[in-house]
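Asks: Attaching a predicted model along with its sequence, questions to come.
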Amino acid sequence: MKTSLYQLAKLEVLSVVNLTKDAIHIHIGMLVFVCWIVLFRKSIRSFKSLIPVLVVVLIMEGFDLRDDYNTFGFFRWSASLHDIANAMFWPFLLVFFSKTYLIKTK
């Protein structure tokens, strides 16, 4: 089976940054979250700030699921859910803590 361009790009990024796949998902989730808040001046206290993270992660997981099906003949749902949880964990906690005033915001 031929490796997709998406998977080749992921492998190239992993070789350059020298991080695990789990760490990359965490970093991507935080990067999208922080960029959304800073670039578009959105509130860290709004759960709506998690939507861009979820959209990006779901797109990435869609490619992964397609490639899993092409490679293994089935979808690896547990791996995808694991990746989604990794990417959403810290952004969710930041919103939650700021919303409950455990993190002070303006």
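Replies: Thanks, I have the structure now.
Asks: Tell me which residues of stretch 38-53 come out buried.
Replies: Within stretch 38-53, the residues that count as buried by 16 or more other CB atoms under 10 Å are Ile44, Arg45, Ser49, Leu50, Pro52, Val53. No exception for glycine: its C-beta is placed from N, CA and C like everyone else's.
Asks: Tell me the secondary structure at the second one.
Replies: Which is Arg45. Recorded secondary structure, Arg45: coil (DSSP: H, G, I helix; E, B strand; the rest coil).
Asks: where along the chain do the helices fall?
Replies: Assigned by DSSP state H, the helices in the chain fall at 5-17, 21-39, 51-72, 77-99.
Asks: Name the residues that touch the third one?
Replies: Residues outside helix 51-72 that contact it (CB atoms under 8 Å, 6 or more residues apart in numbering) are 1, 4, 6-7, 25, 28-29, 32-33, 36, 74-77, 79-80, 83-84, 87-88, 91.
Asks: filter those to the buried ones?
Replies: With neighbours counted by 16+ other CB under 10 Å, the contacts of helix 51-72 contain buried members at 7, 25, 28-29, 32-33, 36, 76, 80, 83-84, 87-88, 91.
Asks: Who are the packing partners of the lowest-mean-pLDDT helix or strand in the chain?
Replies: Every helix and strand in the chain was compared by mean pLDDT, DSSP states H and E; the lowest is helix 5-17, with a mean of 91. With contacts defined as 3 or more CB pairs under 8 Å, 6 or more residues apart in numbering; DSSP states H and E, the packing partners of helix 5-17 are helix 21-39, helix 51-72.
Asks: how big is the angle separating that helix from helix 51-72?
Replies: Following axes from the mean of the first three to the mean of the last three CA atoms, to 10 degrees, one obtains 110 degrees for the angle between helix 5-17 and helix 51-72.
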